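Asks: Pasting the sequence and the predicted model now:
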Amino acid sequence: MVAALPFLTLPAQAGSVTASSIWDKSNAIERARQQLPAGAVVTAERCQETEVGMGNYRYLCTVEFSQPVPAATTDQ
């Protein structure tokens, strides 16, 4: 007989979302965060700033996240 162990830590799924903006880094991060799945926990944010013309920049930001894996249900 296998006993249920309710206090074990469930594995997490990880992923990332990337978005860009011509306005600023904050806007690019906000756009990426809007794409996160429900229940996601942000684990890191990073941005790249690229000059695309004289004095014009594009911001490319990636938000990394983890998300708990739903517990499997069993019929008893």
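Replies: Done, it's in.

Asks: which residues in this structure form strands?
Replies: Ranges of strands within the chain are 12-21, 41-53, 56-68, based on DSSP state E.

Asks: Let me know the angle separating the second one from strand 56-68.
Replies: When you say that, I think you mean strand 41-53. 170 degrees (axes from the mean of the first three to the mean of the last three Cα atoms, to 10 degrees).

Asks: From the contact counts, what lies against strand 41-53?
Replies: helix 25-33, strand 56-68 (3 or more Cβ pairs under 8 Å, 6 or more residues apart in numbering; DSSP states H and E). For every residue, glycine as well, the C-beta is placed using N, CA and C.

Asks: can you list the ones you listed in JSON lines and add mean neighbour count?
Replies: Conversion of these to JSON lines gives the following (neighbours: other Cβ atoms under 10 Å):
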{"stretch": "helix 25-33", "mean neighbour count": "18"}
{"stretch": "strand 56-68", "mean neighbour count": "17"}
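
Asks: Take those and write them to CSV, including distance to residue 13.
Replies: As requested, the helices and strands packed on strand 41-53 are exported to CSV (distance: least, Cβ to Cβ, whole Å):
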stretch, distance to residue 13
helix 25-33, 17
strand 56-68, 5
